[in-house]
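Peer 1: With the input below, show me the fold.
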Amino acid sequence: MRFDVITLFPELFAPFLISGVTRRAYEAGLVEVRLWNPRDFADGNYRRVDDRPFGGGPGMVMQVEPLSLCLEKIRADRLEAGSPAAPVVLFSPIGEALNHAGVEAWSASSGAVLVCGRYEGLDQRFIDTYVDRQISLGDFVLSGGEVAAMALLDAVARLQPGVLNDEGSHQLDSFNPALDGLLDCPHYTRPEDWRGQRVPAILLSGNHSHIERWRRDQRLALTQRQRPELVQKARNAGQLSAGDEAFLADLLENPEKDA
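Peer 2: Presented below is the predicted three-dimensional model:
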């Protein structure tokens, strides 16, 4: 798959693409990332890409023409390379919230053109003409879309075959359907006793069925406390067993009880 990123700061992506476990996806070509700077398509000695908003107000707005020329060059380059047409995605506070299901869909796609806004945003005419989808990381505002673009790329890259050391590890991630959309349970490693805090004895028991039940209970307890709507979603989907429901009922009656 191929992602083309329109950004005024392509240098921000350099360390990201060569660091961590996800670099395997980029090095192997499983996820191809090409960076495009709209400033290269701007006129004048200063290659200006922004201007003051009509109607007044603070801040600057990214101009439509450099963005449009940049996108047209990307489309021509994709066509020449034999890459399929790609949707144009803008990272924006008004966009749909990115979630696990969305990441899985993108990880199985042929890619996209990711537009990283800056300043007060983009000229609306570019959005109206070209943008197919808008995506948000949450109810807050970043100084630019680059962090959001890297978040999407990272989430997509780690789902590619051979990227993680253990192929099944992402199946145990929070929000994964394999966990019925619940949050993941706590994890422990050596030493067994750290400053008086011991690893739960059941994890050292060797009884795998009991360990799995403990982990399930922990997931249920953590999700009920932190994201109860996810428990209800699993319940509505018929994903909770009688044992799950009994545990949750007891947890609600004894909220201070250790799971």
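
Peer 1: What residues of stretch 177-185 count as buried?
Peer 2: 179-185 (16 or more other C-beta atoms under 10 Å). Yep, even glycine has a C-beta here, placed from its N, CA and C like the rest.

Peer 1: Work out the gap between that stretch and the centre of the chain.
Peer 2: Its chain's C-alpha centre and that of stretch 177-185 lie 17 Å apart, by C-alpha atoms, centre = their mean, to the nearest Å.

Peer 1: quick one: the strands in the stretch 51-200 of the chain?
Peer 2: 61-62, 88-97, 111-115, 133-136, 193-194, 197-198 (DSSP state E, counting those that start in this stretch).

Peer 1: low-confidence ranges in the stretch 101-250 of the chain?
Peer 2: Flagging of the stretch 101-250 of the chain using pLDDT under 70 yields the residue ranges 166-172.

Peer 1: which one of the strands of the stretch 51-200 of the chain is the most hemmed in?
Peer 2: Among the strands of the stretch 51-200 of the chain, strand 111-115 has the highest mean neighbour count (mean count of other C-beta atoms under 10 Å), at a mean of 24.

Peer 1: What is that strand packed up against?
Peer 2: Counting contacts by 3 or more C-beta pairs under 8 Å, 6 or more residues apart in numbering; DSSP states H and E, strand 111-115 packs against strand 2-6, helix 64-81, strand 88-97, helix 146-157.

Peer 1: How is this protein divided into domains?
Peer 2: 2-157, 174-253 (automatic domain parsing).

Peer 1: Compare those and report which one is nearest to residue 165.
Peer 2: With C-beta to C-beta, the closest approach to residue 165 among the domains of the chain belongs to domain 2-157: 7.4 Å.

Peer 1: next SSE after the helix or strand harbouring residue 230?
Peer 2: Assigned by DSSP states H and E, residue 230 belongs to helix 228-236. Once helix 228-236 ends, the next helix or strand along the chain (criterion: DSSP H and E) is helix 242-253.

Peer 1: mind listing what's buried in that following helix?
Peer 2: Buried, per 16+ other C-beta under 10 Å, within helix 242-253: 244, 247-248, 251.

Peer 1: thinking again about what came up before, adding distance to residue 136, write the helices and strands packed on strand 111-115 out as a markdown table.
Peer 2: Shown next, in a markdown table, are the helices and strands packed on strand 111-115 (distance: least, C-beta to C-beta, whole Å):
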| stretch | distance to residue 136 |
| --- | --- |
| strand 2-6 | 17 |
| helix 64-81 | 20 |
| strand 88-97 | 4 |
| helix 146-157 | 8 |
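
Peer 1: wait, which of the ones you listed is closest to residue 194?
Peer 2: Using C-beta to C-beta, the helices and strands packed on strand 111-115 put helix 146-157 closest to residue 194, at 29.8 Å.

Peer 1: And for that closest one, what's in contact with it?
Peer 2: Outside helix 146-157, the residues that touch it by C-beta atoms under 8 Å, 6 or more residues apart in numbering are 1, 3, 5, 7, 9, 12-13, 16, 20, 22, 25-26, 30-31, 33, 91, 98, 103, 106-107, 114, 116, 135-137, 142, 163.

Peer 1: Give me the angle between it and strand 111-115.
Peer 2: Interaxial angle, helix 146-157 versus strand 111-115 (axes from the mean of the first three to the mean of the last three C-alpha atoms, to 10 degrees): 170 degrees.

Peer 1: can you dump the C-alpha coordinates of helix 146-157 into CSV?
Peer 2: The C-alpha coordinates for helix 146-157 follow below in CSV (Å, rounded to 0.1, in the frame of the first residue of the first chain):
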residue,chain,number,x,y,z
GLU,A,146,1.7,15.5,11.0
VAL,A,147,1.3,13.9,14.4
ALA,A,148,-2.1,12.5,13.4
ALA,A,149,-0.7,11.2,10.1
MET,A,150,2.1,9.5,11.9
ALA,A,151,-0.4,7.9,14.3
LEU,A,152,-2.4,6.5,11.5
LEU,A,153,0.8,5.2,9.7
ASP,A,154,2.1,3.6,12.8
ALA,A,155,-1.2,1.9,13.6
VAL,A,156,-1.4,0.6,10.0
ALA,A,157,2.2,-0.5,9.8
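
Peer 1: Cool, thanks, signing off.
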